[in-house]
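Engineer: Here is my input; please provide its structure:
(one chain, ligands or ions: 1)
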Amino acid sequence: MAVNYATVTWDQLHRDARILAEALVPKMPFKGVVAVTRGGLIPAAIIARELNCRLVETISVVTYDEEERGKPTIIKSPDAAGDGEGFLVIDDLVDSGVTARVVRERLPKAYFACLYAKPAGMKLTNHFVVEVPQDTWVLFPWDTAPLFVPPLATKAMDKAENKAD
Ligand SMILES: O=P(O)(O)OC[C@H]1O[C@H](OP(=O)(O)OP(=O)(O)O)[C@H](O)[C@@H]1O
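Structural biologist: Okay, here's the model as predicted:
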């Protein structure tokens, strides 16, 4: 199956996080923000700033492929958030929904929001900013670097030379 890529720049990420923060203003006040690490950390920082939340907690969910057929495990519990009442959970992306399901079980009363959501997991969110197709891989700014790309003409010339060899 062909994979499509969607590149998100720092500017886009900041813009989308502010759009999310704006949508969350009517839900204020929140006691605090819980970032789903690691992808939720930067969006959570931006949103906590916008919503004036000083209490920022984290939850970390890891799925080890080799153990118990990929059972997701909470390796850092969000103790300061109790059962989630009054708290806002932030992640960058909901894909299959595996992580979101575990987070919601741990924080059943929290409000769950993310920047990007794919169809398989989007129902597990209370709010998201952008829908992403299931077959699209989101390239976040912390996972990418600008690289030199040769001009198309160079590529075409190389191809022609290889054919002649
Ligand atoms: O809906 P899912 O299929 O569970 O995928 C979504 C999760 O995957 C990513 O985290 P990842 O596990 O890559 O860890 P990281 O954020 O620490 O890189 C993302 O930040 C979400 O938390």
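Engineer: From here on, just use CA atoms for contacts and neighbour counts.
Structural biologist: Noted.
Engineer: Now do the spatially most central residue of the chain, the pLDDT please.
Structural biologist: The residue lying closest to the centre of the chain (Cα atoms, centre = their mean) is D92, at 1.7 Å. Per-residue pLDDT puts D92 at 98.
Engineer: looking at it, it is touching I47, isn't it?
Structural biologist: No - because the distance of 11.5 Å does not satisfy Cα atoms under 8 Å, D92 is recorded as not touching I47.
Engineer: Give me the number of neighbouring residues for the residue nearest to V132 when sequence neighbours are not counted.
Structural biologist: Once its chain neighbours are removed from consideration, V132 has its nearest residue in K118; the separation is 5.0 Å (Cα to Cα, 6 or more residues apart in numbering). The burial metric for K118, expressed as a neighbour count using other Cα atoms under 10 Å, is 20.
Engineer: so who does K118 touch?
Structural biologist: Contacts of K118 were listed using Cα atoms under 8 Å, 6 or more residues apart in numbering, and they are 93-96, 131-134.
Engineer: Pretty sure K159 sits in a strand.
Structural biologist: No - secondary structure assignment (DSSP: H, G, I helix; E, B strand; the rest coil) places K159 in helix, not in a strand.
Engineer: Which residues of the chain lie near the ligand?
Structural biologist: In this structure, the chain approaches the ligand at residues 36-40, 91-99, judged by Cα under 6 Å from any ligand atom.
Engineer: ranges for the strands of the chain?
Structural biologist: According to DSSP state E, the chain carries its strands in the segments 4-7, 32-37, 56-63, 72-76, 87-94, 111-117, 127-131, 136-139.
Engineer: So which other helices or strands are in contact with the first one?
Structural biologist: Packing partners of strand 4-7 (3 or more Cα pairs under 8 Å, 6 or more residues apart in numbering; DSSP states H and E): strand 136-139.
Engineer: Against which helices or strands is the strand it packs on packed?
Structural biologist: Short answer (3+ Cα pairs under 8 Å, 6+ apart): strand 136-139 packs on strand 4-7.
Engineer: What mean pLDDT does the strand it packs on get?
Structural biologist: Taken as a whole, strand 4-7 has a mean pLDDT of 96.
Engineer: In the protein, where is pLDDT below threshold?
Structural biologist: Counting by pLDDT under 70, the low-confidence segments of the chain come to 1-2, 66-69.
Engineer: Specify the angle between the longest helix out of those in it and strand 87-94 in degrees.
Structural biologist: For the chain, the helix with the greatest residue count under DSSP state H is helix 10-24. Note on geometry: by axes from the mean of the first three to the mean of the last three Cα atoms, to 10 degrees, helix 10-24 and strand 87-94 are set 140 degrees apart in direction.
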